[in-house]
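A.B. asks: next one to model:
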Amino acid sequence: MKTALLFAGQGAQAPGMGRDLAGAFPTARVLMDRANAVLGYDLARICFEGPEDELTRTENAQPGIYLISWVALSLLKERAPGFSFEATAGLSLGEFTALAAAGVMTFEEGLEVVRARGRFMHEACEQTRGGMAALIGLDEAATREVCDAAGVTLANLNCPGQIVISGELDRIPAAVEAAKARGARKAIPLPVAGAYHSPLMASAQPKLAAALAAIPLRPPQIPVIANVTARPHGGPDALAPLLVDQVIHPVRWEASMRWLLDQGFTRFIELGPGTALSGFMKRIRKDAQVLNVSDTASLETTAAALMS
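C.D. replies: Residues are numbered from 1 along each chain as shown. Okay, the predicted model is just below:
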C-alpha cells in the first residue's frame with residue numbers, strides 16, 4: 001500500500017490546537033519549545049489559548065499550523081515504529097510542511113520561512129482590499145467563466161464541486177451573484193484578510209524569494225506535489241520558483257490528489273489541525289483510505305491502523 005502524507009493549510013487553525021498532544025507526549029512539548037526558541041515568542045501559547053483573532057493573523061496562523069502538523073508527524077512516527085510514506089503534499093502553506101517532511105528543509109528552517117511568508121502575505125493584505133468566496137456546485141469551466149465576467153481569479157481547486165475564488169473585495173459580491181445565476185448551490189464570501197492566491201499578493205513574492213534564497217534547499221527524498229503544477233517538485237533549483245509562483249496562482253489540489261491516485265497511492269494521512277483535506281479526498285475518491293492526526297484520539301486511531 002502506497003501512502004501519501006497531506007498537510008493542512010491556512011484556515012485549519014483553531015484555538016486549542018495541539019494542547020492535548022503537548023499534555024500527553026513529551027516529544028510534542030520539546031518541539032513546541034524549540035519553535036518558541038527559534039521564533040522568539042510563545043507560539044505554542046497562541047495555538048493553545050488564542051485568542052482567535054490573534055491566532056487567525058496570517059503571521060501566527062501559518063507557523064502555528066506548520067508546528068502542529070510537524071508535531072503530528074513526529075508523534076505518528078513515534079507511535080507507529082517502522083511507518084513509512086512514499087510522497088507528500090500540502091495545501092498552500094502545507095506545501096512547506098510537505099517539503100520539510102521530505103527533507104528539503106529542516107524543521108527550524110521551514111518554521112522560519114513560513115513565519116516570514118505569513119508576515120509578507122499579511123503585509124500584502126494590508127496594502128490591498130481583497131476578498132475570497134467559496135463556490136459549491138460549479139465545475140471548473142463554469143467557475144472560470146464567472147471569474148472572467150467578474151474580474152476575479154481561481155484560488156483553490158479543492159475537489160469536485162468546491163472551488164474558491166479570489167480578487168478585489170468590491171468584485172466578490174458580483175462574482176457570488178454570477179455563480180448563483182450559473183447554478184451554484186452555494187456561493188459564500190469568506191471571512192479572510194485578503195485575496196490569497198491572486199495577483200493582489202504579488203508584493204509578497206520578491207520577499208519570499210529572498211527568504212528562500214537564505215536557506216539551503218535540498219533534493220526531495222520522495223515526491224512532493226507542487227500546488228502550481230499538480231506534479232512532483234524537481235531539484236533544488238526548481239523548488240523556490242514554484243513556491244514563489246504559488247503565492248499568486250491557484251492551488252490545484254484536486255489535480256494533485258488525482259496524480260497521486262493515478263500513481264497507485266491508496267492511503268492518505270492528513271496531519272495537522274482539522275480534517276478539510278480528508279473531506280476533499282472523500283469527494284475525489286470514495287474508496288481511498290483516509291486517516292488523520294490532529295489530536296490524541298486521532299493519533300492513537302491512526303497509529304493502530306498503521307500497525308495492524
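A.B. asks: domain-wise, how is this protein divided?
C.D. replies: 2-126+199-307, 129-189 (automatic domain parsing).
A.B. asks: which residues in the stretch 201-308 of the chain form strands?
C.D. replies: Along the stretch 201-308 of the chain, the segments classed as strands by DSSP state E, counting those that start in this stretch run 224-225, 265-271, 289-293.
A.B. asks: count of neighbours near the closest residue in space to Gln13 that isn't next to it in sequence?
C.D. replies: Nearest-residue entry for Gln13: Ala61, 4.6 Å, with adjacent residues in sequence omitted and distances by Cβ to Cβ, 6 or more residues apart in numbering. The way it works is simple: take the backbone N, C-alpha and C, and place the C-beta from them, glycine included. By other Cβ atoms under 10 Å, 25 other residues sit near Ala61.
A.B. asks: so who does Ala61 touch?
C.D. replies: Residues in contact with Ala61 (Cβ atoms under 8 Å, 6 or more residues apart in numbering) are Gln10, Gln13, Leu55, Gly118.
A.B. asks: any idea how far it is from Ala276?
C.D. replies: With distances taken as Cβ to Cβ, to the nearest Å, Ala61 is found 14 Å from Ala276.
A.B. asks: same thing with Ser256?
C.D. replies: Ser256 is 14 Å from Ala276, by Cβ to Cβ.
A.B. asks: those two: which is more packed in?
C.D. replies: When Ser256 and Ala276 are compared for neighbours, Ser256 comes out ahead with 26 against 21, by other Cβ under 10 Å.
A.B. asks: from the contacts of Ala61, which land in strands?
C.D. replies: Using DSSP state E, no member of those falls in strands.
A.B. asks: picking that back up, and the angle for the helix or strand hosting the residue nearest to Gln13 with strand 265-271?
C.D. replies: Assigned by DSSP states H and E, Ala61 belongs to helix 58-79. On the basis of axes from the mean of the first three to the mean of the last three Cα atoms, to 10 degrees, helix 58-79 is oriented at 120 degrees to strand 265-271.
A.B. asks: beyond helix 58-79, next helix or strand please.
C.D. replies: Counting by DSSP H and E, the next helix or strand C-terminal to helix 58-79 is strand 87-90.
A.B. asks: just the CA coordinates of that following strand, formatted as CSV?
C.D. replies: What follows is strand 87-90, C-alpha atoms only, in CSV (Å, rounded to 0.1, in the frame of the first residue of the first chain):
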residue,chain,number,x,y,z
ALA,A,87,5.0,11.0,-1.2
THR,A,88,3.9,14.2,0.5
ALA,A,89,1.6,17.1,-0.4
GLY,A,90,0.3,20.2,1.4
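A.B. asks: direction included, what does it pair up with?
C.D. replies: strand 2-7 (parallel), strand 224-225 (parallel) (DSSP bridges).
A.B. asks: relative to Leu239, which of those strands is closest?
C.D. replies: Across these, Leu239 has its closest neighbour in strand 224-225 (8.7 Å, Cβ to Cβ).
A.B. asks: contact partners of the closest one?
C.D. replies: So strand 224-225 is contacted by 87-89, 95, 98-99, 102, 104, 231-233, 256, 259-260 (Cβ under 8 Å, 6+ apart).
A.B. asks: does Asn158 count as helix, strand or coil?
C.D. replies: Using DSSP: H, G, I helix; E, B strand; the rest coil, the structure places Asn158 in strand.
A.B. asks: wait, Glu109
C.D. replies: helix.
A.B. asks: is it true that it touches Ala214?
C.D. replies: No: at 9.2 Å, Glu109 does not count as touching Ala214 under the criterion of Cβ atoms under 8 Å.
A.B. asks: out of these two, which sits in the more crowded spot?
C.D. replies: With neighbours defined as other Cβ under 10 Å, Glu109 and Ala214 compare such that Glu109 has more, 20 against 11.
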